[in-house]
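**Student:** Using only what follows, build the 3D model:
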Amino acid sequence: MVRMHPRIRTIGREIVSFGLIALVLLAARSTLADHYTVPSGSMEYTLLPGDRIFVAKYTYGFRFPFTDWKITEGREVERGEVVIFDSPVEDIRLVKRIVAVGGDTVSIRGGQVSINGAPMSSYTDMREEHYGERRVRLNLSYSGGEDYGPEIIPPGHLLAIGDARGNSKDGRVFGFISKEAVYGRAVSVYYRSDEGLCWLKL
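**Tutor:** The predicted structure is shown next:
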């Protein structure tokens, strides 16, 4: 019977341990949290190109690791939240703001969103929108982009658009997205090129 050298056994155990740790970390990234690098200026002034953001994948429900199977249901996506989702027309992930949810009647004129007939913009500053307690500073320097609607959002669907209304290819072009396409909620910017490490809540 061939005996394994003690050092070989130790190395083998270490390899297994590192493998298990790596698997746990990958599973956590698949299920709990991840990061995303902002590729463009479509979400200015909230997000800038190159920003790195922390993404909570558990907010809208836990998924089985490495799959799209939902284990539990989370809460509903809310108006005004910034989310990461799979593009319905390209094989890429996008970051946009949810401005309307299932059942809403939404229209956009000159970059200004109205939900069920009520404008989201401030009466004193048209470059600012309010979604509950969230205040969103818009970039309208490229104009307001394409007008849209009025449209009724189907149940289980969302309308996602960029804060830089005239510089964003978004739901006004590719239509509604399914709730199931949402990858996670953008929680904060943790790195910005001119500031370094930071924690800017979204």
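**Student:** Around V182, how many other residues sit close by?
**Tutor:** 21 (other Cβ atoms under 10 Å). C-beta: built from backbone N, CA, C; applies to glycine.
**Student:** Pretty sure it sits against S87.
**Tutor:** No: using Cβ atoms under 8 Å, V182 is not in contact with S87; the gap is 11.9 Å.
**Student:** For S193, give me the pLDDT.
**Tutor:** Here, the pLDDT recorded for S193 equals 92.
**Student:** In contact with the closest residue to it other than its chain neighbours, which residues?
**Tutor:** Closest residue to S193 apart from its sequence neighbours, by Cβ to Cβ, 6 or more residues apart in numbering: G50 at 5.1 Å. By Cβ atoms under 8 Å, 6 or more residues apart in numbering, the contact set of G50 is T37, V38, R192, S193.
**Student:** could I get those as a markdown table with distance to Y148, secondary structure and neighbour count?
**Tutor:** Shown next, in a markdown table, are these (distance: Cβ to Cβ, whole Å; DSSP: H, G, I helix; E, B strand; the rest coil; neighbours: other Cβ atoms under 10 Å):
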| residue | distance to Y148 | secondary structure | neighbour count |
| --- | --- | --- | --- |
| T37 | 28 | strand | 11 |
| V38 | 23 | coil | 20 |
| R192 | 30 | strand | 17 |
| S193 | 32 | coil | 10 |
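**Student:** How is this protein divided into domains?
**Tutor:** 1-31, 32-201 (automatic domain parsing).
**Student:** Mean pLDDT lowest where, among those?
**Tutor:** Across those, domain 1-31 gives the lowest mean pLDDT, at a mean of 53.
**Student:** does V173 belong to a helix or a strand, and which?
**Tutor:** helix 171-174 (DSSP states H and E).
**Student:** got JSON lines for the contacts of G50, with distance to F54 too?
**Tutor:** Converted to JSON lines, the contacts of G50 look like this (distance: Cβ to Cβ, whole Å):
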{"residue": "T37", "distance to F54": "12"}
{"residue": "V38", "distance to F54": "12"}
{"residue": "R192", "distance to F54": "13"}
{"residue": "S193", "distance to F54": "16"}
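**Student:** quick check, nearest of those to G149?
**Tutor:** V38 (26.8 Å; Cβ to Cβ).
**Student:** can you tell me which residues contact the closest one?
**Tutor:** L47, L48, P49, G50, D51, R52, I53, V95.
**Student:** Just the buried subset of the residues you listed, please.
**Tutor:** By neighbour count, with 16 or more other Cβ atoms under 10 Å, these hold L47, D51, R52, I53, V95 as buried.
**Student:** For the last one, list each beta-bridge partner.
**Tutor:** Partner residues in beta bridges with V95, using DSSP bridges, are I84.
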